[in-house]
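Chemist: Sharing a model prediction with you, sequence too.
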Amino acid sequence: MKKDTKLAFWTWVPDIQKEVDLFQAKYPAVKVEVVNVGQGGAHYQKLRAAIQAGKGAPDVVQMEFDKLPSFTLTDSLLDLTPYGIGELKSDYPGWVWGGVTPGGKGIYGVPQDTGPMGMLYREDLFTAAGLTVPKTWDEFAAAVTAYRGKNASSMLTNWAPSSEANMLALFWQAGGRPFSFDGAKNVKINLTGDAACKKVTAYWNDLFKSGNIGNEPDFADAWYQGLNNGKYAAWLTGAWGPVFLQGTAKSTAGKWRVAPLPQWDSSSPASGNYGGSTDAVLKSSQNPIAAAMLARFVNTDEKAALTLANEQFLFPPSTKTLNNPAFADASASFYGGQKVNKQFTDISATVQEGFQFLPFNDYAASSYDKTMGKAIGDRGDLNAALSAWQDDLVQYAKGQGFTVAS
Amino acid sequence: MRAETLTQEAPLRQHKKKVNIAKRRQYAAAYALSMPFMVMFALMIAVPLFYAGYLSFFKKQLIGGVSFVGMDNYVRALTDPSFLGGVGRMALFLVIQVPIMLGLSLLFALILDSGMLRLQRFIRLGVFLPYAIPSVIATLMWGYLYGKDFGPFAQLAKALGLPAPDFLAGGNVLFSIMNIVTWGFVGYNMIVMYAALRSIPAELYEAARVDGASEWRLAWSIKIPAIRGALLLTTIFSVIGSFQLFNEPNLLRVIAPAAIGQDYTPNMYAFQLSFVNQDSNYAAAIAFLLGIVIMAVSYVVQLTANRKERAS
Amino acid sequence: MTATLADQVAARSNAGSPQRRRRSGKSTLLTVVMLLCLVYFLLPIFWLVVASTKANEDLFSSFGLWFSNMNLAENLHNVFTFQDGVFGHWMINSLMYAIASGFGASALATAAGYAFAKYRFPGGNAMFTIVLGAVMIPMTALAIPTYLLFAGANLTNTVWAVILPSLVSPFGVYLMRVYAADAVPDSLIEAARVDGAGEMRIFLQIVLRLLVPGSITVLLFTLVASWNNYFLPLIMLNSPELFPLPVGLAQWQAASAAGSGSQALFSTVITGSLVSVLPLMAAFLFLQRYWQSGLGSGAVKA
């Protein structure tokens, strides 16, 4: 780490330069170039293109949990086991660690942030409608109907058509494990045979059919407005949601509260993870040691990790940061002084292990859009759409040479 | 072209050797002048095309790697509902949008050319101005205007007690896209046609005008036939543009994901194949088939135009 | 562009038949109808201006086609300071790409168009046909092959990856070929040959002058095409400092939907959009008369 080294770091975390500066202060010989090549889709497209071309790829790259397996499949990521990352294992909840060790072989990223799901809701609107916070999904469904009954122009919540990651988190919560991948050529695709996935799908099918929840695309302008003007009284989202909402629905400050997701079995609370990412090292990196150090440092150095959590508002994956009073005890006036971080820390502890993503999650998401998403948008038959999604994924996987089990 | 004949005829009268030298000199000049462009053309377009053509005969699987498959990708495309659906949708787009757009352009061009307008320059510029807006920004703007809750049309409808129009619903969104394209390109086509109208020699219709023919009559029997070339050019470019539609639907997808699938247009489908399905081999085959469709349609357009000319 | 040139071109394009325009009477009715049509064309632009003055919240709560709380100054401030003022880079890049591609493309097209129009040489027609045919194949789908080739030449993520492909304008060649056929009399070339002028001298000293109006039209078209270019730079460029405006703005727009770490930048994107279309709109205003000059002199009659 003394030798002059240059690292390229692709990430879309706003102002991550702060953490990188801490790293460079400690290792002045390493020059890090932070590049934001684009959020989401564009980021991965460019990464894939650079990998395929064999040049131009960065050393360290931000990578969401659900994308990791598709890059280990192409053997593009460096196994960080030899670089001592394994010793971090005990710092993370089991499900987080599972996310960076797809298929159980090798460690392919350092967790950066997570998104255990909870429910953000408008306390004022709930009170006005005479509702208490639903603890179970049955209560939630009842609340949806009751709320709609009192508000002709607004709805309890919205669920977007392009919501694969979000829906998988609900499957996850319900105990669904529709996918697996052994790291070689065997995948399991079992959406229609998995009781939990079917249960969740049938549940939402009824909600959409009732017309009492919204089906608007999320993160689009109309949706933002819906959260701003009370068109929607609740948002089921990941732990990164609270701060996000704070920045986009300013006019509703003080009216929101946080609660856990409604439960299927209230005796054993559970949640699923929606979103969040890791920092991975590319196999093509000329400086793997420095790259691994960078990925490790920005996410695990105490000060860097706390800055990520408190200034960039990424929900921290490590139990150390989660339990750090500087993080856990913060209260948010937007949420009426509630200790939002503490809430989600508790939720994070209820996320179960063992959920896996397909090694072609990009395709799975686009296939979801044209089956499930279409049904959501049209308020069509979601149960049939689940079968259609299953069939389409199986067909694609076979076409790509996988051995498919269900 | 009439220009080419002269360079041949003139030297004929001269000595043979001299002819050859002159000819060789002209060849050299012709190559020297066209080569800079042709070299860039070869590097930037032809080579990628050939490379893509080569790729289209292979198949690359996530498991199992690359294998030669001959025409399989092409055969697959011909039964692929995503590709065929996209081509069909673009054909519909073409049949509806292009006549409307070019009709408006022609109408405006004729009105401008008639000289009957006040504020002529202002109006001409106003209609042309949308062409200055990148399609990325145009789609962003129309996306807001189409908004079901806060878009001004919806707000206006609500104020009047009417149901808000849903421009982004499945059945409407194609027309909403047509509107964006029409908005952006009426002015451009108008300028092309107007320029052609302005270059019609006045003698052609001064006589008719003296005889008391109306502006409409002049337009129909003299002006429009006289700018057939411009009309054909704009039609062919519109055909190409329609089939290659990408930016507008791709960006509108963000706010209308249920109505606009990722295979909404052939170009979007090819893009998805490349970047999401990781199947650039098949994407290349799709691109070539789409190119063939475009050529065929352009050829038919040209043929129809020529037949009409012969008939008249 | 000098004043004399401007006058020349203007004179050319008006040379058609000045008398005939004077003849018909002005129609107020037609003018009013056209002004109503104009509302359609200008409404979205008006919306953009109005929306640029609004903060995020007002964007979604006030009437879209009229002003609310004035927030333009802050929006502008955000546009030019967000991410260390990268927007300024984007403007300069767009300008540079547009000028380099525009002048380069029109120079190449002018020379090639003239060659195709005025010389019959082996392969000439074949080349021209191929050039036109290539327009039919959508480059979007060839993104990956093109990217791989550029990567092979170490050109991805450089300004060349944007400029070089934009230098090729088949439409420009087409336009110049037709234009040259019309605007350059064969007798002129022949006379120069008889005088013993070399082919290159004929082109540079005699022909080029006559081709200028056409070249300017091609220049304008390629300028606009380059200014609006989105897809190619999107795939070729990684560093935001190299982005042109549309790519950068689209990236900001996407930042609001990125899940964790997202920011809602609607008012910034909208104000940035307005700022980014202003230069081209201004150019349209000032260069209005050049638009039809090249197209008009018979270029599209062929």
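Modeler: Cool, the structure landed.
Chemist: Show me where chain B dips below the pLDDT cut-off.
Modeler: For chain B, residues meeting the criterion pLDDT under 70 lie at B:1-17, B:312.
Chemist: And the residue of it that's closest to chain A?
Modeler: residue B:258 (2.1 Å; Cβ to the nearest Cβ). Backbone N, C-alpha and C define where each C-beta goes, glycine included.
Chemist: any idea how far that residue is from residue B:273?
Modeler: 21 Å (Cβ to Cβ, to the nearest Å).
Chemist: Provide the count of other residues in contact range of residue 109.
Modeler: Answering for chain A, as no chain was given. 30 (other Cβ atoms under 10 Å in any protein chain shown).
Chemist: that answer is for a different chain, and I need it for chain B
Modeler: Residue B:109, neighbours per other Cβ under 10 Å, totals 28.
Chemist: and what of residue A:249?
Modeler: Residue A:249, neighbours per other Cβ under 10 Å, totals 26.
Chemist: Just to check, it is in contact with residue A:223?
Modeler: No - assessed by Cβ atoms under 8 Å, residue A:249 is found out of contact with residue A:223, at 10.8 Å.
Chemist: Leaving out chain neighbours, which residue sits closest to the residue of chain B closest to chain A?
Modeler: With sequence-adjacent residues excluded and distances taken as Cβ to Cβ, 6 or more residues apart in numbering or on different chains, residue B:258 is closest to residue A:377, at 2.1 Å.
Chemist: And for residue C:116?
Modeler: Residue C:116 sits nearest to residue C:177 (Cβ to Cβ, 6+ apart), 4.5 Å away.
Chemist: buried sites along the helix or strand containing that neighbour?
Modeler: Using DSSP states H and E, residue C:177 maps to helix C:170-183. Of all the residues in helix C:170-183, those buried under the rule 16 or more other Cβ atoms under 10 Å in any protein chain shown are C:170-183.
Chemist: quick one: which of those residues is nearest to chain B?
Modeler: Among these, and counting by Cβ to the nearest Cβ, the member closest to chain B is residue C:181, at 4.8 Å.
Chemist: if I look at that closest one, how far off is residue C:117?
Modeler: Distance from residue C:181 to residue C:117, by Cβ to Cβ: 4 Å.
Chemist: Summarise which helices and strands the helix holding residue C:177 is packed against.
Modeler: helix B:2-12, helix C:72-118, helix C:124-134, helix C:208-228 (3 or more Cβ pairs under 8 Å, 6 or more residues apart in numbering or on different chains; DSSP states H and E).
Chemist: Now that helix - C-alpha only, CSV.
Modeler: Presented in CSV, the C-alpha positions along helix C:170-183 are these (Å, rounded to 0.1, in the frame of the first residue of the first chain):
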residue,chain,number,x,y,z
PRO,C,170,-24.7,10.1,-45.4
PHE,C,171,-27.6,12.6,-45.6
GLY,C,172,-25.1,15.4,-46.0
VAL,C,173,-23.4,13.6,-48.8
TYR,C,174,-26.8,13.0,-50.5
LEU,C,175,-27.7,16.7,-50.1
MET,C,176,-24.3,17.9,-51.4
ARG,C,177,-24.4,15.6,-54.4
VAL,C,178,-27.8,16.9,-55.5
TYR,C,179,-26.8,20.4,-54.6
ALA,C,180,-23.6,20.3,-56.5
ALA,C,181,-25.2,18.8,-59.6
ASP,C,182,-27.4,21.9,-59.7
ALA,C,183,-25.3,24.7,-58.4
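Chemist: average model confidence for that helix?
Modeler: Rounded to a whole number, the mean pLDDT of helix C:170-183 is 89.
Chemist: between it and helix C:208-228, how many degrees?
Modeler: With axes from the mean of the first three to the mean of the last three Cα atoms, to 10 degrees defining the directions, helix C:170-183 sits at 160 degrees from helix C:208-228.
Chemist: In terms of secondary structure, what does the top helix by length along chain B contact?
Modeler: Ranked by residue count under DSSP state H, the longest helix found in chain B is helix B:81-114. If contacts are counted by 3+ Cβ pairs under 8 Å, 6+ apart, helix B:81-114 sits against helix B:120-128, helix B:173-198, helix B:228-243, helix B:266-275, helix B:280-311, helix C:28-51.
Chemist: Whatever residue of chain A ends up closest to chain B: which element?
Modeler: Of all residues in chain A, residue A:377 sits closest to chain B, at 2.1 Å by Cβ to the nearest Cβ. Assigned by DSSP H and E, residue A:377 belongs to helix A:374-378.
Chemist: Following element in sequence after that helix, please.
Modeler: helix A:382-399.
Chemist: where are the low-confidence patches of the stretch 51-200 of chain C?
Modeler: In the stretch 51-200 of chain C, residues with pLDDT under 70: C:140-141.
Chemist: next one: the stretch 1-150 of chain A
Modeler: A:1.
Chemist: residues from it in reach of chain C?
Modeler: A:10, A:12-14, A:35-42, A:45-46, A:49-50, A:52-56, A:64, A:113, A:115 (Cβ under 8 Å from any Cβ of the partner chain).
Chemist: Closest to chain A out of the buried residues of helix C:170-183?
Modeler: The closest of these, once distances to chain A are taken by Cβ to the nearest Cβ, is residue C:170, at 25.6 Å.
Chemist: Run through who's touching stretch C:25-43.
Modeler: B:108, B:111, B:116-119, B:123, B:126-127, B:129-130, B:145, B:183, B:186-187, C:65 (Cβ atoms under 8 Å, 6 or more residues apart in numbering or on different chains).
Chemist: mean confidence score for it?
Modeler: Mean predicted lDDT for stretch C:25-43 stands at 92.
Chemist: Quick check: buried residues in that stretch?
Modeler: C:27, C:31, C:34, C:35, C:37, C:38, C:40, C:41, C:42.
Chemist: now the residues you listed in CSV, with distance to residue C:57?
Modeler: Formatted as CSV, those follow (distance: Cβ to Cβ, whole Å):
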residue, distance to residue C:57
C:27, 47
C:31, 41
C:34, 38
C:35, 34
C:37, 34
C:38, 32
C:40, 29
C:41, 30
C:42, 27
